[in-house]
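Asks: Got a predicted model here, sequence first, then my questions.
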Amino acid sequence: MIYSESLEKAASIAKKTIDDLAEEKIAANPQNFTVWFDQLTGRNPELTRFIDRAREQGLEFSPDQMRKIYDRFIVPGNSNDDDNANSWSQRIGDVAAQIAKALGDVGDGTEKYGAILEKFSGNLSGTENSTDLAHVIGDILSETQSMNGQINNLQNRVSDSSEELEDLRRELADTKRDAMTDKLTGLANRRCFDETLIQMTDDAKESGKPLCLAICDVDHFKKFNDTHGHQVGDQVLKLMGRILVENIKGSDLPARYGGEEFVIILPETPLNGASIVADHLREKLAGRKLSRKGSEDSYGKVTMSIGVTEYLIGESMDELIKRADSLLYKAKQDGRNRICAARAHPGLQKAS
């Protein structure tokens with residue numbers, strides 16, 4: 001992390017950091033200080049937005065919560081990427097070395113075989129009778145069989161190495177998929193969402209085709225979680241995942257953004273079309289019954305609010321997300337279990 005604040009500015013932010021930590025009853029250790037200092041500088045808009053919303057909702061900044069925030073926004077979960085890359089490089093390098101050795105061994109054998117044939121060729125001119133000729137032919141056949149054995153050995157070794165490479169390819173594909181998937185819901189995770197949105201906004205710039213983003217948030221999730229427990233809360237999140245998977249098709253990408261928030265990227269979709277999709281999802285969730293396992297007892301209706309907006313050519317990804325998020329909050333302020341869609345922030349343009 002590079003900090004460019006002047007001495008005076010840094011001192012001012014540091015004082016504000018200490019004051020805020022004391023107000024929130026958060027220990028002023030290096031981890032927590034870094035989180036709070038960084039969000040106050042404004043250089044990490046997603047972190048600032050997360051902290052602001054947490055404070056608005058009155059969430060407790062427990063030691064465990066602060067550690068999660070630190071891991072997510074300050075040192076996101078890519079710390080093992082270099083180690084993983086080195087591990088894969090080593091494993092693929094080992095297989096390549098096996099193939100190279102097999103080829104080298106046969107290369108040495110081929111060179112030796114050629115020299116032997118050349119020697120036999122000279123011997124042929126000196127044969128005086130059929131017995132001598134038979135001996136030379138027998139020697140050639142013997143060496144040829146030996147060479148065939150080496151070639152067969154090469155084929156087997158290369159075949160084994162090819163199978164190993166294919167296994168590595170499948171394992172690497174599985175690893176990559178796991179790295180892009182949210183384990184609880186099976187949806188794309190935050191990392192996959194970020195990478196996809198960057199690509200989609202670039203495509204929209206080039207093509208001029210519309211691109212929309214929807215942010216969905218489970219209504220009263222914290223209260224639901226506190227009342228029924230985390231396991232039931234996880235069931236709610238899994239239900240959200242199923243609703244999105246069952247009802248979003250084509251090139252649209254649903255993802256878990258974090259906590260009870262979900263996002264949907266809708267390429268080549270205008271705002272009115274994205275609004276229809278979002279409202280359909282809202283109705284589908286509200287119409288599903290979440291019951292106690294092995295019982296008809298219901299936990300009550302689960303609903304969500306959704307903010308939908310359209311990408312404006314040239315704006316940053318953070319601006320797009322922030323606008324969708326502000327529309328989500330407008331939907332919640334208007335009573336929840338509804339969508340709010342607009343091309344501008346609430347108050348600048350009426351929701352459609």
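Replies: Done, it's in.

Asks: low pLDDT regions in the stretch 1-150 of the chain?
Replies: Residue ranges of the stretch 1-150 of the chain with pLDDT under 70: 1-5, 75-150.

Asks: For the nearest residue to residue 203 once chain neighbours are set aside, what are phi and psi?
Replies: Distances taken as CB to CB, 6 or more residues apart in numbering place residue 267 nearest to residue 203, at 6.9 Å, with adjacent residues excluded. To be clear about C-beta, it is placed using only N, CA and C from the backbone, and glycine gets the same treatment. The phi and psi torsions at residue 267 (degrees, to the nearest 10) take the values phi -70, psi 150.

Asks: Pull the contacting residues for residue 267.
Replies: Applying CB atoms under 8 Å, 6 or more residues apart in numbering, we find residue 267 in contact with 200, 203, 204, 209, 211, 251, 252.

Asks: Count the residues that sit near the residue nearest to residue 270 when sequence neighbours are not counted.
Replies: Leaving aside its chain neighbours, residue 270 sits nearest to residue 210 (4.5 Å; criterion: CB to CB, 6+ apart). Using other CB atoms under 10 Å, residue 210 has 17 neighbouring residues.

Asks: Quick check: the gap between residue 210 and residue 72.
Replies: 31 Å (CB to CB, to the nearest Å).

Asks: For the chain, which segments count as helices?
Replies: With DSSP state H as the criterion, the chain has helices at 7-23, 30-41, 45-56, 63-69, 81-125, 130-179, 190-207, 221-228, 230-247, 271-286, 317-333.

Asks: Could you list the buried residues of the second one?
Replies: If I follow you right, that is helix 30-41. Using 16 or more other CB atoms under 10 Å as the test for burial, helix 30-41 gives 31, 32, 33, 34, 35, 36, 37, 38, 39, 40, 41.

Asks: what's the nearest residue to residue 34 if we skip its chain neighbours?
Replies: residue 74 (5.9 Å).

Asks: from what I can see residue 273 touches residue 266, true?
Replies: Yes - using CB atoms under 8 Å, residue 273 is in contact with residue 266, at 7.5 Å.

Asks: And those two? Which one has more around it.
Replies: residue 266 (26 against 15).

Asks: Next, the contact list for the more buried one, please.
Replies: Contacts of residue 266 (CB under 8 Å, 6+ apart): 211, 212, 213, 214, 252, 273, 274, 277.

Asks: So what's the residue count around the last one?
Replies: Other residues within reach of residue 277, judged by other CB under 10 Å, total 21.

Asks: Mind listing the residues bridging to the nearest residue in space to it that is not next to it in sequence?
Replies: Nearest-residue entry for residue 277: residue 266, 6.6 Å, with adjacent residues in sequence omitted and distances by CB to CB, 6+ apart. Residue 266 has these beta-bridge partners by DSSP bridges: residue 212.

Asks: mind checking how far residue 266 is from residue 311?
Replies: From residue 266 over to residue 311 the distance is 10 Å, taken as CB to CB.

Asks: what do these two both touch?
Replies: Both residue 266 and residue 311 are in contact with 211, 212, 213, where contact means CB under 8 Å, 6+ apart.

Asks: from the residues you listed, which is closest to residue 219?
Replies: Minimum distance to residue 219 across the shared contacts of residue 266 and residue 311 is 19.7 Å, recorded for residue 213 (CB to CB).
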